[in-house]
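Trainee: Coordinates for the following, if possible.
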Amino acid sequence: MVRSRYIGGLMVLGSLLLVACGAGSGAADASGGEENESQARGSEDLRIVTLLPRDAIPAIDNPRFLNAEQADLEYDPDELVLGVDINGETRAYSVPLLSGHEIVNDTVGGAKIAVTW
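Mentor: Next up is the predicted model:
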């Protein structure tokens, strides 16, 4: 039996948006250390900054799974997994593996799902 911790749910979604301030550096101005006018008004311009180009992290489209006995040998007992159980079919997705791929497209219990991290 796999002894990994279980984080359940039909679909687990995680996302990260990086937002940077485009309204200036916040440095003191020449008039005596006051914030610049944009920041003083609270009207900062925010923009999304992308670090990787589109599709730079490959999804796993045809995941392969270990049986419970193999998984006990392969994974640390404290390794986090995302668990899914649909119509009696169960899957466990390794969080460290998902950290490198971020998306697994799979079919569980006859339902197409996307597991994201």
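Trainee: show me where this structure has helices.
Mentor: 37-41, 68-74, 95-101 (DSSP state H).
Trainee: which of the residues in the second one are buried?
Mentor: The reference is to helix 68-74. Neighbour-count burial for helix 68-74 flags Ala71 (criterion: 16 or more other CB atoms under 10 Å). Yep, even glycine has a C-beta here, placed from its N, CA and C like the rest.
Trainee: elements contacting that helix?
Mentor: In this structure, helix 68-74 packs against no helix or strand, with contacts taken as 3 or more CB pairs under 8 Å, 6 or more residues apart in numbering; DSSP states H and E.
Trainee: One more: the last one?
Mentor: Packed against helix 95-101, as judged by 3+ CB pairs under 8 Å, 6+ apart, are the following elements: strand 80-86.
Trainee: who does the strand it packs on touch, helix- and strand-wise?
Mentor: Applying 3+ CB pairs under 8 Å, 6+ apart, one finds that strand 80-86 contacts strand 5-7, strand 89-94, helix 95-101, strand 103-108, strand 111-116.
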